[in-house]
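Peer 1: everything below, folded, please.
(one chain, ligands or ions: 2)
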Amino acid sequence: MCGIFGYCNYLVEKSRGDVIDTLVEGLQRLEYRGYDSTGIAIDGDEPDSTLIYKQIGKVAALEKEIEAEKPNRDVTFVSHCGIAHTRWATHGEPKWSNCHPQRSDTASDFVIVHNGIITNFRELKQLLINKGYKFESDTDTECIAKLFKHLYDTNLKHGNEPDFHELTMQVLLELDGSYGLLCRSVHYPNEVIATRKGSPLLIGVKSERKLKVDFVDVEFPDTDEAQPEIPLNSTRGEARNFLPIASNESALRRSQSRAFLSEDGAPNPVEFFVSSDAASVVKHTKKVLFLEDDDIAHIYDGELHIHRSRREIGASATRSIQTLEMELAQIMKGSYKHFMQKEIFEQPDSTFNTMRGRIDFENNSVMLGGLNSWLPVIRRARRLIMIACGTSYHSCLATRAIFEELSEIPVSVELASDFLDRKTPVFRDDIAVFVSQSGETADTMLALKYCLERGALTVGIVNNVGSSISRVTHCGVHINAGPEIGVASTKAYTSQYIALVMFALSLSDDRVSKLDRRREIIQGLKKIPEQIRKVLLMEPRIKELCEKELKDQKSLLLLGRGYQFASALEGALKIKEISYMHSEGVLAGELKHGVLALVDENLPIIAFGTRDSLFPKVVSSIEQVTARKGRPIIICNENDEVWAAKAANSNLATLEVPLTVDCLQGLLNIIPLQLTSYWLAVNKNIDVDFPRNLAKSVTVE
Ligand code: UD1
Ligand code: F6R
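Peer 2: Ligands and ions are numbered 1, 2, ... in the order given. Here you go, the predicted structure:
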């Protein structure tokens, strides 16, 4: 939702200008996650001073602001830690004082950037106000910065100067809600804290010398007795609030994880890039470590330490350093004007990549490495629940029928928020499938936790490798569509769709009765990338449609039934979110139950009239529309005589797409709608990759 970026250089000399440019560029790569305000915090000219620059609007506005402030860009730092943020407002409107970084006091003793929501911030704020703190913003984040200062000062009063991570443990004990946050402080020069709960954070490591380590140890307090006496939650137990830690000696074990020293133990020049998203790190390094919830990463003196306040049974005691497979080119626009356009046009490749190495088209078999060993358990399930939000939910709807047909397991499809609102009963023999591009969507993640608590087997269908949903589920499939940066989900939809179809095919590979159907679908999948390429050639025709028939229209109705109901809903969502035109996806069979009242010669209608078993019913629904002087545009198969005849006799236009197997037709039918939403928006001069009020990854409820 918002983006976090941090940059620490150790024994790598950088000018202030370099540091600013690195932070600003990191933010640019995160801008798609949130873009109503931005800011950075770096070292000031005086010892123990901090410079904060922030501005409402996109990163370009921040760049101008920094330029206007004329910081001395030539000062050099051998070691330094800077933090940065791009925000999508949750608490407090986008205004200067609400931009991050947020500070503890006017001297900026502690400075924070934060993603997520602190749910008990009102109580904390009141408590801190009672203690004399003056708040400058409406954000929940400011109370974290002030809490850091308050606890630091309280510790000092008791003659104890805590380590930065010990202090962080005390602060986190007071916080309810979700966070990914970075903190820097004048009391801990050249150090930074990165910690998360429910909001992603990863750390990239770059060193000129080859990294000798491929994991970092997690450090725990030695024993429960030796654990520092950490303050209890003040908002729940007023009497015990804000106690300092008792011991003046760190009770925490400094252990093996001096991970980045060179072999002879000499200090190693190293740079760390902390981010909420791999897209901003990949330019600098591909070696990354994903933090887990409740990890406290402490970076100082070229070392990365990961602390946890307690040792949980079964939890991993190391964090591995992984190699990102993402290429820089994947997150650049190339010759396209917008990421959305690039991603629409990438679909021949992205759909191919989803299937690559997983389908054997010669032998008509499917092998999903991430699910294979789980298939026997899944086949025994009494029910399969698909849970997702937005576009990901539509990919579940689109594949539900084929899933039921092939697996013969009843499938329910749920919007994550509604699933939770209803406190839906979930049992141990249920299989819960979570579909998410980002793998971080808060509602989906909460639904996942809910199902885990009830003992269901959880399966992820996720694009973002290393994301929370991909890591927390028991098993799953990475859709391998490549990074999706445009806020509107396009290539992830078609890849999720294919991944779900492959999942259903895997479940049915022991059924002789399904042999012909499986062969038909697998051979259909083989042709999909090429067929998508063909549909994309339609762009000029769609552009013209958007410039003429659909120009200045207030609303657009999309009609579909059977497999195409999901296409209607997904098409309508794309049009709404990108072009701000009202659009509604309607089940064609429901027309006569109310929606028909809207139909006249003016209301634009697009209907899905491709061939499947419901074709006669679709034709009849569309006849109801033309009978009311409606002038629908029909998405139909190439050279379909029925529509050709109708087009000759009535006010109806067609957009022709290739024919594929019924359950795959939605993969082709959605492309004209993706293009329509794109061109409607471009014609209105809307910044397609940054639609108002929306952000790429919705990590708040
Ligand atoms: C894996 C490798 C891929 C390699 C291939 C061939 C990864 C991420 N993928 O792909 O690079 O080319 O083997 O050997 O290393 N998972 C979940 N939840 C999810 C998604 C995945 O638990 O939401 C798990 C899977 O169960 C599996 C692992 O993550 O254990 C990797 O999944 P996936 O990438 O789909 O597996 P492969 O296709 O085998
Ligand atoms: C629409 C869109 C959203 C997402 C939804 C779920 O274009 O992008 O509706 O599909 O927020 O996001 P993920 O798939 O990341 O869980």
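
Peer 1: I'd say Ile378 and Leu371 touch.
Peer 2: Yes - taking contact to mean C-beta atoms under 8 Å, the distance of 7.5 Å between Ile378 and Leu371 places them in contact. C-beta here means a position set from N, CA and C on the backbone, and glycine is covered the same way.

Peer 1: any shared contact partners between the two?
Peer 2: With contacts defined as C-beta atoms under 8 Å, 6 or more residues apart in numbering, the residues shared by Ile378 and Leu371 are Val459.

Peer 1: up against ligand 1, what does this structure have?
Peer 2: For the chain, the residues found near ligand 1 under the criterion C-beta under 6 Å from any ligand atom are 369-370, 460, 462, 465, 469-470, 473, 475-478.

Peer 1: from those, which two are the most distant?
Peer 2: With C-beta to C-beta as the measure, no two of these lie farther apart than Gly369 and Ile469, at 17.8 Å.

Peer 1: so which of the residues of the chain next to ligand 1 belong to strands?
Peer 2: When DSSP state E is applied, those are split such that 460, 462, 475-478 fall in strands.

Peer 1: buried among these? Make that a ChimeraX selection.
Peer 2: Buried members of those, identified by 16 or more other C-beta atoms under 10 Å, are gathered into one ChimeraX selection as follows:
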select :460,462,475,476,477,478
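
Peer 1: compare Gly369 and Ile469 and say which is more crowded by neighbours.
Peer 2: Ile469 (25 against 11; other C-beta atoms under 10 Å).

Peer 1: right, and that one touches Asp443 too?
Peer 2: No - Ile469 is beyond contact range of Asp443, at 11.2 Å (criterion: C-beta under 8 Å).

Peer 1: buried set for stretch 506-522?
Peer 2: Of the residues in stretch 506-522, 506-508, 514, 517-518, 520-522 count as buried by neighbour count, 16+ other C-beta under 10 Å.

Peer 1: centre of the chain to it, how far?
Peer 2: Here the centre of mass of C-alpha atoms in stretch 506-522, compared against the chain's by C-alpha atoms, centre = their mean, to the nearest Å, lies 34 Å away.

Peer 1: average pLDDT for it?
Peer 2: Stretch 506-522 shows a mean pLDDT of 94 in the predicted model.

Peer 1: what comes into contact with it?
Peer 2: Here stretch 506-522 makes contact (C-beta under 8 Å, 6+ apart) with 359, 361, 364-368, 371-372, 375, 378-379, 402, 405-409, 501, 505, 661, 663-664.

Peer 1: I'd like the next helix or strand past the helix ranked longest in the chain.
Peer 2: Selection of the longest helix in the chain by residue count, based on DSSP state H, yields helix 515-536. Read in the C-terminal direction, the helix or strand following helix 515-536 is helix 539-547, with elements assigned using DSSP states H and E.

Peer 1: out of the ones in strands among the residues of the chain next to ligand 1, which comes closest to ligand 2?
Peer 2: Nearest to ligand 2 among these, counting by C-beta to the nearest ligand atom, is Val462 at 8.4 Å.

Peer 1: what's near enough to touch that closest one?
Peer 2: Listed by C-beta under 8 Å, 6+ apart, the contact set of Val462 reads 434-437, 439, 469-470, 473, 476-479.

Peer 1: sec struct for whatever residue of the stretch 51-200 of the chain ends up closest to ligand 1, please.
Peer 2: Closest contact between the stretch 51-200 of the chain and ligand 1, by C-beta to the nearest ligand atom, is at Pro200 (14.0 Å). Assigned by DSSP: H, G, I helix; E, B strand; the rest coil, the conformation of Pro200 is coil.

Peer 1: re the thing from before, filter the contacts of stretch 506-522 down to the buried ones.
Peer 2: In these, the ones that pass as buried (16+ other C-beta under 10 Å) are 359, 364, 366, 368, 371, 375, 378-379, 402, 406-407, 409, 501, 505, 661, 663-664.

Peer 1: so of those, which ones are in helices?
Peer 2: Short answer: those in helices (DSSP H) are 375, 378-379, 402, 406-407, 501, 505.

Peer 1: rewinding a little: output the ones in strands among the residues of the chain next to ligand 1 in a markdown table; the columns should cover pLDDT.
Peer 2: Putting these into a markdown table (pLDDT from 0 to 100) gives the following:
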| residue | pLDDT |
| --- | --- |
| Gly460 | 98 |
| Val462 | 96 |
| Cys475 | 97 |
| Gly476 | 97 |
| Val477 | 97 |
| His478 | 94 |
